[in-house]
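**Q** coords please:
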Amino acid sequence: MSRVLVLRALGLGDLLTAVPALRAVRRSFPAHRLLLAAPESLAGAVAALDCVDELVPTVAPGREVPARVPWRGPAPELAIDLHGNGPASLRPLLALRPARTIGYALLPPDQWAEREHERERWCRLLRRHGMPADPTRLGIAAPAVASPAPGAVVVHPGADAGARRWPAERFAAVARSLGDRTRVVVTAGPGEEPLAQRVAALAGLPAGAVLAGLPFPTLSALVAEASAVVVGDTGVAHLATAHGTPSVVLFGPVSPALWGPPPGRRHRALWHPDPADGARPGDPHGAAPDARLARISVAEVREALAEVTGGRADRTLRRP
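**A** The predicted model follows:
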């Protein structure tokens, strides 16, 4: 069987923003096997998608481009760079000698638009090459596993970088304000459990409120069945978008115009840039919390949470 290889060797949020593009590739090549080159840590998420047949695990430090794609057998019929716009992400694909290659690095430089949403960016690339691609086709199915806290409000204080972490005290204040009628759980990714425990303690949450190190199917079920999610600009925010779960997403160094949820009453993206700021006014991988993120108040998050849940952020809530 002929094979199509796509490179998107980044994180969970990056994977979920690429789902519309991956679906476009799947529809355009229904008889081909579609393989995704991405970190093995995303195996659970990749398995949950309806548009990818197989993960090709890549290895690279941090968010660097992998030096090679571990490929076996005949060269792919088509290789697609959904990773970046330069030679670094194109190089490991060209090394496989595909019959055809697609990537922004092969187009004139003006084809890369800095002020473009990530979902639209990759759909536009595919449309240019004759593949109909709809950036709104971003939903994923809820997994067939039980949520550990159905109907809870999920608070996720962590992020890969300090620049995108709202202060723990403010997450705790939001959680505490929801009162006794609301079940609140605090989630934590790898290395984030101390932060989650601190938020839970400051909020006065009961034992067992911290859910750390959940495998992807369980995390996905938790978010899919949540009343709402309060989160920074990170993978869990994109998971809430993919499930249509009401969310309040806190932005700092990068505008929600580039990475935010789609418009609509289920999601609120909060951002307070300076008047002269562009779409990327700060470093999303910086160590210190971004000043724009720090401008978001507890009261503002509480108000946004009431808006996306219709004022019913409690365990009896049913999604609108």
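
**Q** P190: what's its closest spatial neighbour, skipping adjacent residues?
**A** Distances taken as Cβ to Cβ, 6 or more residues apart in numbering place G213 nearest to P190, at 7.0 Å, with adjacent residues excluded. All C-beta atoms are positioned from the backbone trio N, CA, C, and that covers glycine.

**Q** what sits against that neighbour?
**A** Applying Cβ atoms under 8 Å, 6 or more residues apart in numbering, we find G213 in contact with A188, G189, P190, E193.

**Q** please apply the same query to E77.
**A** S2, R3, V4, H32, P98, A99, R100.

**Q** what about the last one, how many residues nearby?
**A** Okay, so that is R100. 11 (other Cβ atoms under 10 Å).

**Q** touching, it and L78? I think so.
**A** Yes - at 4.9 Å, R100 and L78 qualify as touching, with contact defined as Cβ atoms under 8 Å.

**Q** now do the closest residue to G235 other than its chain neighbours: how many residues are near it, please.
**A** Leaving aside its sequence neighbours, G235 sits nearest to L12 (Cβ to Cβ, 6+ apart; 3.2 Å). By other Cβ under 10 Å, the residues close to L12 number 23.

**Q** quick one: pLDDT of L12?
**A** In this model, L12 is scored at 97, pLDDT.

**Q** residues touching it, list them.
**A** Neighbours of L12 in contact, by Cβ under 8 Å, 6+ apart: L42, A45, G235, V236, H238, L239.

**Q** mind redoing it with 10 Å?
**A** 38-39, 41-42, 44-45, 160, 189, 216, 219, 234-239 (Cβ atoms under 10 Å, 6 or more residues apart in numbering).

**Q** now, which of the residues you listed lie within helices?
**A** Here DSSP state H is the test, and those give G44, A45, F216, L219, G235, V236, A237, H238, L239 as lying in helices.

**Q** could you dump the contacts of E77 to CSV with distance to P273?
**A** Converted to CSV, the contacts of E77 look like this (distance: Cβ to Cβ, whole Å):
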residue, distance to P273
S2, 46
R3, 43
V4, 39
H32, 43
P98, 41
A99, 45
R100, 41
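
**Q** just the buried ones from these?
**A** The neighbour-count criterion (16 or more other Cβ atoms under 10 Å) marks R3, V4, H32, P98 among the contacts of E77 as buried.

**Q** which residue of the protein sits farthest from its center?
**A** Residue distances from the centre of the chain (Cα atoms, centre = their mean) peak at P74, which lies 32.4 Å from the mean C-alpha position.

**Q** and that residue, how close does it get to S2?
**A** In this view, P74 and S2 are 9 Å apart by Cβ to Cβ, to the nearest Å.

**Q** equivalent analysis for R33, please.
**A** Applying Cβ to Cβ, the value for R33 to S2 is 7 Å.

**Q** overlap in contacts of those two?
**A** Common neighbours of R33 and S2 (Cβ under 10 Å, 6+ apart) are P76, E77.

**Q** show me the strands in the stretch 1-150 of the chain, by range?
**A** Under the criterion DSSP state E, counting those that start in this stretch, strands of the stretch 1-150 of the chain are mapped to 3-7, 33-39, 54-58, 78-81, 100-102.

**Q** the helices in this protein, which residues?
**A** Using DSSP H, the helices of the chain run over residues 12-17, 19-28, 43-47, 87-94, 118-128, 168-177, 193-203, 216-224, 235-243, 256-259, 291-294, 298-308.

**Q** pick the most deeply packed of those helices.
**A** helix 235-243 (a mean of 26; mean count of other Cβ atoms under 10 Å).

**Q** run the angle between that one and helix 298-308 for me.
**A** For helix 235-243 against helix 298-308, the angle by axes from the mean of the first three to the mean of the last three Cα atoms, to 10 degrees is 20 degrees.

**Q** could you give the angle of helix 235-243 to helix 118-128?
**A** Using the same axes, to 10 degrees: helix 235-243 against helix 118-128 is 60 degrees.

**Q** ok, the contacts of G213 vs W259, which is closest?
**A** For the contacts of G213, the residue nearest W259 by Cβ to Cβ is G189; the value is 17.6 Å.

**Q** the nearest residue to that closest one once chain neighbours are set aside: neighbouring residues, count only.
**A** Take G189 and drop its neighbours on the chain: the residue closest to it by Cβ to Cβ, 6+ apart is G158, 5.5 Å away. Other residues lying near G158 total 25 when counted by other Cβ under 10 Å.

**Q** G158 touches R198, doesn't it?
**A** No - using Cβ atoms under 10 Å, G158 is not in contact with R198, being 11.1 Å away.

**Q** sounds good, over and out.
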